[in-house]
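Peer 1: dropping the sequence and predicted coords here.
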Amino acid sequence: MYNTNYHRASSVEDAVSKMGSSDDAKFVSGGQTLIPTMKQRLAAPSDLIDLRHVDSMKGITVDGNQITIGAGVTHAEVHSSKELGAACPSIAALAGHIGDPHVRNMGTIGGSIANNDPAADYPAAMIALNATIITNKREIAADGFFTGMFETALGEDEIITAVSFITPVKAAYSKFPNPASRYAMAGVFVAQTGEGVRVGVTGAGADGVHRHTEMEAALTANWTPEAIANCNVDANELLSDLHGDNNYRANLVKVMAKRAVEMAG
Amino acid sequence: MTSISMVVNGRSVGGEVEDRTLLVEFIRENLRLTGTHVGCDTSQCGACVVHVDGKAVKACTTLAAQANGCEVTTIEGIAGDELHPMQQAFKDNHGLQCGFCTPGMIMAATDMVNRLGKDLDEKTIRAELEGNICRCTGYHNIVKSIQDGASKM
C-alpha cells in the first residue's frame, strides 16, 4: 500500500470539510473493498476520511412501513436486526450472505452502494425495492443512482447518509455465489412493492446492476416461478469472464429469479 | 505518521505508526504478538482474525488507525491460567494439524459463540467458517472442536 493520511470524521460536515482540504482523498467506511484495493496499489488516495464514527449515519429505523438504514450500518447489523427481520427479512437475509462474518462486521451498506461493484448484492436490493439513496446534498432514486460499473451519481464530496424504502409486500433475493469469492455471479432480487413488481439483477450485467422489465411484466401478470420461464434474458448485455460466459450467466439470471420468486412465496 | 493507542488483551499500548499500517502489522511487529497470522493477506483466509470491540475482524484488512481507541483481543489474550475452553477443545479434538490457521479459527469460533450462543449445530458452524481457510484438516475436526468448545464456554 502506498502511504496515505488517515483522518477520522466526527460528523458529515466534518467529513466534507476534510475532503475539501485534501488533495485526492477518499471516504472510507468499513474499508473491506478499499483497503484490499489499496494493498494491491490499484488505488492510492492521498487521504482517507473514516466515516465509521459519524453517529448520524448509524441506526436502523422502521417507522410504519418506512424503513431507513443508516449508511454506516454494517452488514452484520442489517443481518441480525430484529426490526428488519420482521419488516423486511429479504434484506436481512441478503446481508447475511455478503463476504464472511468478519467482513460483515466491518463492511457497511453505504460503502457497498457507493462502490457499486457490479457483483455486489445491495445494489440489486436497492433497485428492486425502489429505494431512495439519501446523501448530504439530496435524495436520489435508486434507478438514477447506479450509473454503470463502479459508477454512481455521487459527486466528489457527496456522502450517502442513509437509504430508505417502503416495506415490500413480498420480496426475496437469490444469488449464485462464485465458489471462491462468494461475490454474485448472478443475483436477483424480486419485490412486490406498492408501485408494482420490480426485479433487480446484479453480478451479471455488462453495465452493472439493472432491472429486468420483461420479468417484471411477467410477474405482475402471474407471480409464480413458471411465469419467468418464457422471459428472454439477452446474453449480449451480460458479462463474460473467467468465471462464466454471458450465455451461462443468462441462464443463471433466470434460475435465480425463479428461486427468488419461490422464496418470496 | 499517526499516534495511536488501544487496549490490547487488557493492556494499554500505543505507538507512532505510518497511516498505512495494517492492524495485523501493528500487532505482530510493534507489539510482537505473533499469534495473529498473515496467511493470504487478501481478506480470504482468516488467519489474522482478532476481536475489535468484541467483534471478529480481519486484521489484514483493517488499518491500525481504524482501531485507534478500541479494545482488541488476540489469541494471546483469551487464556487465563488454563487454556480457554475453545483452545482446549481444539487440543482435545485434534482440531489442528500444522496450526497456522488455528488462532484465526479460535477467534472466529469464540465470536460465533458470542453471537449465536453455545448450542451450535454442524451446519451453522460450517456456514460460519466461510471466512476461515484450513489447508490441512478438511475442517472435520475443526467443526467438532468448535461444537465441543462452544458447549464448554
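Peer 2: Structure received. Keep in mind it's a predicted model, so treat the numbers as computed, not measured.
Peer 1: tell me the pLDDT of the closest residue to chain B within chain A.
Peer 2: Closest to chain B within chain A is A:D100: 2.6 Å, counting by C-beta to the nearest C-beta. C-beta here means a position set from N, CA and C on the backbone, and glycine is covered the same way. At A:D100, the model reports a pLDDT of 96.
Peer 1: so who does it touch?
Peer 2: Residues near A:D100 by C-beta atoms under 8 Å, 6 or more residues apart in numbering or on different chains: A:182, B:46, B:130-132.
Peer 1: how about a cut-off of 10 Å?
Peer 2: Applying C-beta atoms under 10 Å, 6 or more residues apart in numbering or on different chains to A:D100 gives the contacts A:182, B:43-44, B:46, B:49, B:56, B:58, B:108, B:127-132.
Peer 1: out of the residues you listed, which sit inside strands?
Peer 2: Per DSSP state E, strands hold the following members of those: B:49, B:56, B:58.
Peer 1: show me which residues of the stretch 51-200 of chain A sit near chain B.
Peer 2: A:52-53, A:74, A:76, A:79-80, A:96-97, A:99-107, A:177, A:180-182 (C-beta under 10 Å from any C-beta of the partner chain).
Peer 1: among the residues you listed, which lie within helices?
Peer 2: Counting by DSSP state H, the part of those found in helices is A:76, A:79-80, A:101-106.
Peer 1: what segments of the chain are helices?
Peer 2: Because you didn't say which chain, this covers chain A. A:12-20, A:34-39, A:75-80, A:82-87, A:89-95, A:101-106, A:109-115, A:122-128, A:142-145, A:213-221, A:246-264.
Peer 1: please go with chain B instead
Peer 2: Counting by DSSP H, the helices of chain B are B:23-25, B:85-92, B:102-116, B:122-128, B:140-152.
Peer 1: mind listing what's buried in the longest one?
Peer 2: Read it as helix B:102-116. By neighbour count on 16 or more other C-beta atoms under 10 Å in any protein chain shown, the buried set for helix B:102-116 is B:102-113, B:115-116.
Peer 1: re earlier: just the buried residues of the contacts of A:D100.
Peer 2: The buried subset of those (16+ other C-beta under 10 Å) comprises A:182, B:43-44, B:46, B:49, B:56, B:58, B:108, B:128-132.
Peer 1: can I get those in TSV with distance to A:S46?
Peer 2: Formatted as TSV, these follow (distance: C-beta to C-beta, whole Å):
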residue	distance to A:S46
A:R182	32
B:S43	23
B:Q44	28
B:G46	31
B:V49	30
B:A56	31
B:K58	25
B:A108	35
B:E128	38
B:L129	38
B:E130	34
B:G131	31
B:N132	34
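Peer 1: return the member of the residues you listed nearest to A:A235.
Peer 2: A:R182 (23.8 Å; C-beta to C-beta).
Peer 1: can you list the domains in the chain?
Peer 2: You didn't say which chain, so I picked chain A. A:5-50, A:57-264 (automatic domain parsing).
Peer 1: that's the wrong chain, I meant chain B
Peer 2: B:2-77, B:85-152.
Peer 1: those domains: which one's closest to chain A?
Peer 2: Among these, domain B:85-152 sits nearest to chain A (C-beta to the nearest C-beta), with 2.6 Å.
Peer 1: how long is the closest one end to end?
Peer 2: The stretch domain B:85-152 measures 6 Å between its terminal residues, going by C-alpha to C-alpha, to the nearest Å.
Peer 1: so what's A:Y173 bridging to?
Peer 2: A:F189 (DSSP bridges).
Peer 1: count of neighbours near it?
Peer 2: 28 (other C-beta atoms under 10 Å in any protein chain shown).
Peer 1: what's the neighbour count on A:A15?
Peer 2: 24.
Peer 1: could you do the one 3 residues further on as well?
Peer 2: Other residues within reach of A:K18 by the criterion other C-beta under 10 Å amount to 21.
Peer 1: and for A:N246?
Peer 2: Counted with other C-beta under 10 Å, A:N246 comes out at 18.
Peer 1: what's the pLDDT at the residue nearest to A:D143 when sequence neighbours are not counted?
Peer 2: Leaving out its chain neighbours, the residue that sits closest to A:D143 by C-beta to C-beta, 6 or more residues apart in numbering or on different chains is A:I127, at 6.6 Å. Listed pLDDT for A:I127 reads 98.
Peer 1: just checking, A:I127 touches A:F145?
Peer 2: Yes. Counting by C-beta atoms under 10 Å, A:I127 touches A:F145, with 8.6 Å between them.
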